[in-house]
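> Need coordinates for the following:
(3 chains)
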Amino acid sequence: MHSPLLWLLPVLPLLGFLVNGILSLSTARTSHGPSRGLSGFVAVLFPALSFGLSLWLFQRLSHDAASIHETNVNLGLHLSEVVRYVQPLWSWFSVGDANVGFGFAYDALTGIMLLFITGIGTLIHLYSLGYMAHDRGHARFLAYLSLFLANMIVLVLGDGPLVTFLGWEGVGLCSYLLIGFWHEDLANGAAARKAFLVNRVGDLGFLLGLFFLWQILGPTVPFTYQGISEWFRDPAHLAMVGQGSVAALLTASTLLLFLGCTGKSAQIPLLTWLPDAMAGPTPVSALIHAATMVTSGVFLLGRMSDVFVAAPFTMHVIAVIGAATALWAAVTGFVQTDIKKVLAYSTVSQLGYMFLAVGVGAFDAGLFHVFTHAFFKAVLFLGAGSVIHALGGEQDMRRMGGLARKLPLTFAAMFAGWYAITGLPGGAGFWSKDLILEKTWMHGGWALYVVAIFTAVLTAVYMTRLMILVFWSPSRVDPEVEHHVHESPWSMALPLVILGLGSLGAGFAWASLVPGVDWFARTLAPVVGPAQDLLAGPEAHHPPVALLLALGLMAAFGGIVLSFVLFRSGSYRETESGELPFLSRFWTLLFDHLHAVVAVWPVLVVSWILDKVLNPLLFGLVRLVGYLVEVFGWLFRALQFSRLRLNMGLSASGALLVLLGYILVKELLK
Amino acid sequence: MNLHLAVIAPLIAALLAMFSSGKDASQALRNALLLALAILGISAPLLSGGIQSTEPLTWFVLPAVGTRLRWFLATDGLSSWLVVLSALLVPAALVLGRRMAGDRMREFASLVFLMQAFMAGAVLAADLFLFYGFFEAMLLPATLLIALFGGRDRRKAATLFVVFSLVGSVPLFVSIWWLATLAPYHVASLTQSAVQLEGTLGFTELQALLAQVSPAARGWIFASFALAFLVKLPVAGLHVWQAEAYAEGPAASSALLTGVMAKVGLYGFLRILIPLFPMEAARYSGAFMVLGVVTVLVGAFLALQQTEIRRVLAFSSLSHLGLGIAALFTFRAEAQAGVVLLIVAHGLSAATLFLLAGVAESWMDSTHVDDFGALSRQSPVFAVLFALAALASVGLPGTAGFVAEFLMLLALFKGASIWLVALAGSAVILSVAYTLRLVQKLLFGKAALAEPAQPRDLHLSEGLVLAPLLLLLVVLGFYPAPVLSAARSDLLQRLPLAQAVSEDASHAAGR
Amino acid sequence: MEISIVHLQLLAAVLFALGLAAALGRRNLFFVLMGVELMLNAANLSFLAWSRTFPGRSALDGQVAPLFVIAVAAAEACVGLAMLMSVFRNRESLDTDDFSRMKE
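Sure, this is the predicted structure:
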């Protein structure tokens, strides 16, 4: 179905970006910058409009889907037809075999992503008004944030992989700009650059993966998600890609695409940038590095589920990498002292869960976790931001404590987030994580399940540790700072409340234990259903639901209890300031070291050699030629006399000699 | 008529700029800017004209040989874009060159116009002799610009530039001369055949002429042509002059050198070398692809190590244009379109970067990156433009550079091997590394030198001449069809020949 | 006595020898230049003399050549004298023996 309105979705925040950008630029000379009211109003208005539009679109989509479903039932058909609004805009480029259009497509997956992207995006714009109120560059900040939103919308709304790639790089750019927002400090700039660079490695993988995919499809298949899906859903094509060289091509393609996802979603091996990205202002961490951008890898896998299920090896790789990342990051989160770093590693770990789910073929469960995680991680970050704001920029948990009474609202919101992430019954994380564990049990084998459940324990441990250190333990706040501790303004509080409620309630979008409450799964079914059915086959046996539920709950409660035992009563090892112990430091920076050895050092060595050896060599060669010319010049000069008259005389006699010789020869030959 | 004007108007402008009244530099700039805009107005209609050519006029007949030298101009989309590109860059070079030229604005403007005229002539010439004349003539104003308006080591840079260019073009001259001696001879032997050679070196006649030449001789001629263009481009190994000329010359000349003159090298491959020597091009395509990818890597690695702004930019140009060579020798339609777009996109972004670098250098009176910092706070408009141009140069999607890079990599993927693509692609990652480092050093961090007493930023006029260039980059990033269709207008008729030959060769090798 | 071609050629040769001697013998650049002029005019004389020996229109060829030479000589004298003055200004000397910078 054609829909003429899709282009408005990204353009609205883009307008916000332009207005705020121009405001910021035109007032750069003034001492206090543009009016906070104006820039704030613009910043919240446009994302909110976008949110309204996506709500309306989603409502229409559900309606259309229901009516089509009804028609099909009436006709006696058992089809789950994809309802898709498309808006092809123009031909991007069309050269040789490369024929790519620029356009948007909107289906259930896009709809769900858009709902929470624009929704949480609007809330975080609102939150930023308070958080950045005292920053000179707040208009610039809001402009970047709006630009990010526009790009993120393009990412999920693109009708083909290349339009997605446009948004994919665009969000990377905004992430770069926002991480390095406080660029006076060069460390922030370095973190931003690292994020961009590491992402670029993934992006190269993305691009190469597309090349391979294109080669499989051939030039006649339109290179849009629709075209790709339909091609792969054709059983004849599926049989073809299952064997021989095409299978190898597909494996290469999907692995490379997955490399792209590991970059954007901070999975092994490209995960080092996300913890560093915490250098950015906290609303950025909440929006970009927790709720939206980092989940775009999972989104892409869901988008291309039909492709990925055709490559079983890649699916295994995804599952294993997801599980390994989840475990590694959970352990790392356990030893951090910076509140944002804990949340960053927690994000990496939760993303690992999502990839694990996708890897075992439960695309909907993975995406569901994306959905719930967006709520509870956003609220955790915003809560952390509120704490940091209240403490005047302090991020070290060793200098916090006892804040539950001083910041009751923040505490309540973070408690909701904590409740959700640890997987306590009824919270958002409870439903989605439980679902992932269940699917892992069913399709992933026991090893992955053990890793996943152990990670769940660890998650509960480090999150509870965070809560203890920040809220429940005796205060270790600097008395000077403690004096000024204050609850945040309403613009920050409102998003906290809404998101806190969301992290308690979002799970009921798909409460798998309650029959009939599966709105999320039903909505997504037309998009990822065929792929999942293909992988899972007809469900032969039911999982031991009760056992799995019990195990999951035991993990959560066990982790919490363990954490209380470790940190509540015992001595606060963390209170000692200073660096982390060597082992934790090594573990934390494991992949940084790996990157250094594998990529950074070789590049530096080679470039050093080229610059200091090869280039001088070439210069030397050039100089050598120059010297040779000079030497010859010197030689020839030595043949000359320095007397002008003598020279002339010699040349005159030479001419005479030539003449005489000529005559002589001529006479002799006669 | 327009074609004649596109070449002659800048020549007239050069004279007018030189002898126009007014010693006052800003008066001279105003005059020159008016002239430049007029030339832009004259050149722009070429874009919509499609393929067109002038009546060939015989200039004179080479004594003793009999070959006719003609004034013969022709254009298709590619040439038109190159002419318009230089017409777009010249106003920017003039306005921003004001900071380097100082009181000698008239001379500066005159040289810039001269350069523009010769570049336009080189890409519009449809006769090999004429092309060679303009190709060589470009050297003169470029060298003078470097030697007169350059930095500390300008003499050395100018010398290196001239010597390298001559090393490239003297063999070219010899082979052109040799071809000229053959041209009338073949008239006699071929009068009966369908091909009517007129004793000229027009490109169409040349194809027929070269078919008569023995393969061994043709190989040598091919090599001499290739060398000339490779030096102009340049590629790794022949790049020694580049960083010196770009870093020591005035920023405006660096912008024109990389923006248009280096592109004439690519143009030479696209328009002259491959169409005229399809067999040789196909035979050595592997070598050229490897050379291109090596250039991409060497340029990127070297750029990582540089500490002077314009040296970073110079090696970045080396790296980006190397990809063009590698892609071109796959003889695929995607590659040609990609290279044409690369010519435009890189011309705009690199020239803008060079010009802005020149401004920053004039502020700080330094070329070393460590002396800069915090320009985004001190000079926000400058920072926005610089960052945009930098992003365009690394090929961020949404700018023209991305489409160009995508098409070239795709062509390499289809026409060469995945490993070459991976290597070239990793240089794309490196390009982000050095470009962002530059951005970071210039725009962010703390100011390394003393803060200026009063705010300083680009003048309004400077912003106004640069902004359209960047806008064009973004527009072409979303809608590159105007440039891509240029690649289709004429080139495709010739290049499939090379592709067919190369496929034959690979079949034969496979057997 | 009729003036024959031989006489004329002898005269030209003598003039040429004188010019050469002046150019080689004198150290003053000014005189060297005059010597060169003399040699040129000797050549002109020779041309004209020979031209008389050719029949009809081809005699004109020999008469045209001196015209060229005169034009070139005039140009040469002009440039040469200008250079002389500039040299004198710079070096305060016109002695050819002082000029050996090319060698150094």
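
> burial count for A:T523?
If you count neighbours by other Cβ atoms under 10 Å in any protein chain shown, A:T523 ends up with 21. Backbone N, C-alpha and C define where each C-beta goes, glycine included.

> Am I right that it is in a strand?
No: A:T523 is assigned helix when assessed by DSSP: H, G, I helix; E, B strand; the rest coil, not a strand.

> average model confidence for stretch C:91-104?
Mean pLDDT, stretch C:91-104: 72.

> tell me what the one helix or strand in chain C whose mean pLDDT sits lowest is packed against?
Lowest by mean pLDDT, DSSP states H and E among the helices and strands of chain C is helix C:58-91, with a mean of 88. If contacts are counted by 3 or more Cβ pairs under 8 Å, 6 or more residues apart in numbering or on different chains; DSSP states H and E, helix C:58-91 sits against helix C:29-51.

> How about the residues of the stretch 251-400 of chain B by chain A?
With the criterion set to Cβ under 8 Å from any Cβ of the partner chain, the stretch 251-400 of chain B comes near chain A through B:298, B:301-302, B:304-306, B:332-334, B:337-338, B:374, B:376, B:380-381, B:384, B:391, B:396-398.

> Could you rerun that using 10 Å?
With Cβ under 10 Å from any Cβ of the partner chain as the criterion, the stretch 251-400 of chain B comes near chain A at residues B:297-306, B:315, B:332-338, B:340-341, B:373-374, B:376-381, B:383-384, B:387, B:391, B:394-398.

> from the residues you listed, which ones fall inside helices?
B:297-305, B:315, B:333-338, B:340-341, B:376-378, B:380-381, B:383-384, B:387, B:391 (DSSP state H).

> now those residues: which count as buried?
Buried residues within those, counting neighbours by 16 or more other Cβ atoms under 10 Å in any protein chain shown: B:297-305, B:315, B:333-338, B:340-341, B:376-378, B:380-381, B:383-384, B:387, B:391.

> Name the residues of the helix ranked longest in chain B that are buried.
Looking across chain B with DSSP H, the single longest helix is helix B:154-190. Within helix B:154-190, the residues scored as buried using 16+ other Cβ under 10 Å are B:154, B:157-165, B:167-169, B:171-172, B:175-176, B:179-180, B:182-187.

> same thing with stretch A:29-48?
Within stretch A:29-48, the residues scored as buried using 16+ other Cβ under 10 Å are A:33-34, A:36, A:39-40, A:42-48.

> Run the contact check for that stretch versus chain B.
Yes: Stretch A:29-48 lies within reach of chain B by Cβ under 10 Å from any Cβ, at A:R29.

> List every C-alpha atom in that stretch, with coordinates, as CSV.
Provided in CSV are the C-alpha atoms of stretch A:29-48 (Å, rounded to 0.1, in the frame of the first residue of the first chain):
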residue,chain,number,x,y,z
ARG,A,29,28.8,35.2,19.4
THR,A,30,26.5,36.1,22.2
SER,A,31,27.5,35.3,25.8
HIS,A,32,24.5,33.2,26.8
GLY,A,33,23.3,31.6,23.6
PRO,A,34,19.8,31.3,22.2
SER,A,35,16.7,31.6,24.3
ARG,A,36,16.3,28.3,26.2
GLY,A,37,12.5,28.5,25.9
LEU,A,38,12.6,28.7,22.1
SER,A,39,15.2,26.1,21.5
GLY,A,40,13.6,23.8,24.0
PHE,A,41,10.2,24.2,22.6
VAL,A,42,11.4,23.5,19.1
ALA,A,43,13.5,20.5,20.2
VAL,A,44,10.5,18.8,21.9
LEU,A,45,7.8,19.8,19.4
PHE,A,46,9.2,18.1,16.3
PRO,A,47,10.0,14.7,17.9
ALA,A,48,6.6,14.8,19.5
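
> mean confidence for that stretch?
Average pLDDT, stretch A:29-48: 84.

> Next: stretch A:455-465.
For stretch A:455-465, mean pLDDT is 91.

> send the alpha carbons of it over as PDB?
Output in PDB follows, covering the C-alpha atoms of stretch A:455-465 (Å, rounded to 0.1, in the frame of the first residue of the first chain):
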ATOM      1  CA  THR A 455      24.500 -14.200  33.100                       C
ATOM      2  CA  ALA A 456      21.000 -13.600  34.600                       C
ATOM      3  CA  VAL A 457      22.500 -14.300  38.100                       C
ATOM      4  CA  LEU A 458      25.300 -11.900  37.400                       C
ATOM      5  CA  THR A 459      23.000  -9.300  36.100                       C
ATOM      6  CA  ALA A 460      21.000  -9.400  39.300                       C
ATOM      7  CA  VAL A 461      24.300  -9.200  41.300                       C
ATOM      8  CA  TYR A 462      25.800  -6.200  39.600                       C
ATOM      9  CA  MET A 463      22.600  -4.300  39.300                       C
ATOM     10  CA  THR A 464      21.800  -4.800  43.000                       C
ATOM     11  CA  ARG A 465      25.300  -3.800  43.800                       C
END
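
> Go through that stretch and flag the buried ones.
Neighbour counts over stretch A:455-465 (16+ other Cβ under 10 Å) mark A:455-465 as buried.

> Closest one of the residues you listed to chain C?
Nearest to chain C out of these is A:Y462 (Cβ to the nearest Cβ; 82.8 Å).

> contacting residues around that closest one?
Neighbouring residues of A:Y462 by Cβ atoms under 10 Å, 6 or more residues apart in numbering or on different chains: A:329-336, A:342-343, A:345-346, A:349, A:421-422, A:559, A:563.

> Where does it sit: helix, strand or coil?
Going by three-state DSSP: A:Y462 is helix.

> Spell out which parts of the stretch 1-150 of chain A neighbour chain B.
Residues of the stretch 1-150 of chain A found near chain B (Cβ under 10 Å from any Cβ) are A:21, A:24-29, A:89-98, A:100, A:102, A:136-137, A:140.

> Nearest residue to the residue in the stretch 1-150 of chain B positioned nearest to chain A in space, please, no chain neighbours.
As assessed by Cβ to the nearest Cβ, chain A sits closest to B:G77 within the stretch 1-150 of chain B, at 13.0 Å. Once flanking residues are discounted, B:G77 sits nearest to B:A486: 2.4 Å by Cβ to Cβ, 6 or more residues apart in numbering or on different chains.

> and the one you found, how many neighbours?
There are 25 residues near B:A486, going by other Cβ under 10 Å.

> Over to A:D478?
Using other Cβ under 10 Å: A:D478 sits among 12 other residues.
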